[in-house]
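1. when you get a sec, could you give me coordinates for this:
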Amino acid sequence: QVQLVERGGGLVQTGDSLRLSCAVSGRTFDSSVMGWFRQAPGKERDFIAAIGWSGGSTYYADSVKGRFTISRDSAKNTVYLQMNSLKPEDTAVYYCAAKSGSIYRRGGYDYWGQGTQVTVSS
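-> From the prediction side, this is the model:
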């Protein structure tokens, strides 16, 4: 049973920073891609960023490039999303997900966490 557990959401103000974490258990993700997505109320779930476990290659959506950073600690099987200069439009439920394959393909994720709420007040 693969489990992904996100932590770190909360209520912050515009311009603040927040770091989300996603702990993976139940499977070795040596060759897996980890991704972060978000879903705002009434909107579809959107891709934010992805990282490969082995090479550390990263890929970002244009909407967060330069403000968000994805990283991973392979020893802890944990992926992080550092979010800086947060804006009200970043308010959403944030999900981590895992898959095999290319980080540059935004779909195809097989495993998902339960999500963590991030709210940015103006």
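2. ok so residue 59 is a strand residue?
-> Yes: with DSSP: H, G, I helix; E, B strand; the rest coil as the criterion, residue 59 is part of a strand.
3. give me every residue that touches it.
-> Contacts for residue 59 (CB atoms under 8 Å, 6 or more residues apart in numbering) come out as 49, 50, 51, 103, 104. Yep, even glycine has a C-beta here, placed from its N, CA and C like the rest.
4. what's the PyMOL syntax to select whichever of these are buried?
-> Paste this into PyMOL to select the buried members of those, with burial taken from 16 or more other CB atoms under 10 Å:
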select buried, resi 49+50+51+103
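5. closest to residue 119 among the contacts of residue 59?
-> Closest to residue 119 out of these is residue 49 (19.7 Å), distances taken as CB to CB.
6. run through the bridge partners of that closest one.
-> residue 36, residue 60 (DSSP bridges).
7. ramachandran coordinates for residue 25?
-> Backbone torsions of residue 25, given as degrees, to the nearest 10, read phi -140, psi 160.
8. from residue 93, how far off is the nearest residue to it once chain neighbours are set aside?
-> Of all residues not flanking residue 25 in the chain, residue 3 sits nearest, at 4.9 Å (CB to CB, 6 or more residues apart in numbering). Plainly put, residue 3 is 18 Å away from residue 93 if you go by CB to CB, to the nearest Å.
9. so those two - more neighbours on which side?
-> Higher neighbour count among residue 3 and residue 93: residue 93, with 18 against 12, using other CB atoms under 10 Å.
10. please enumerate the strands of the chain.
-> Assigned by DSSP state E, the chain shows strands spanning 3-7, 10-13, 18-25, 32-39, 46-52, 58-60, 68-73, 78-83, 92-100, 111-112, 116-121.
11. tabulate those strands in TSV, adding columns for mean pLDDT.
-> TSV is the format used below for the strands of the chain (pLDDT from 0 to 100):
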stretch	mean pLDDT
strand 3-7	95
strand 10-13	98
strand 18-25	95
strand 32-39	94
strand 46-52	95
strand 58-60	96
strand 68-73	94
strand 78-83	95
strand 92-100	94
strand 111-112	94
strand 116-121	98
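12. residue nearest the centroid of the protein?
-> The centroid of the chain falls nearest to residue 36 when counting by CA atoms, centre = their mean (2.4 Å).
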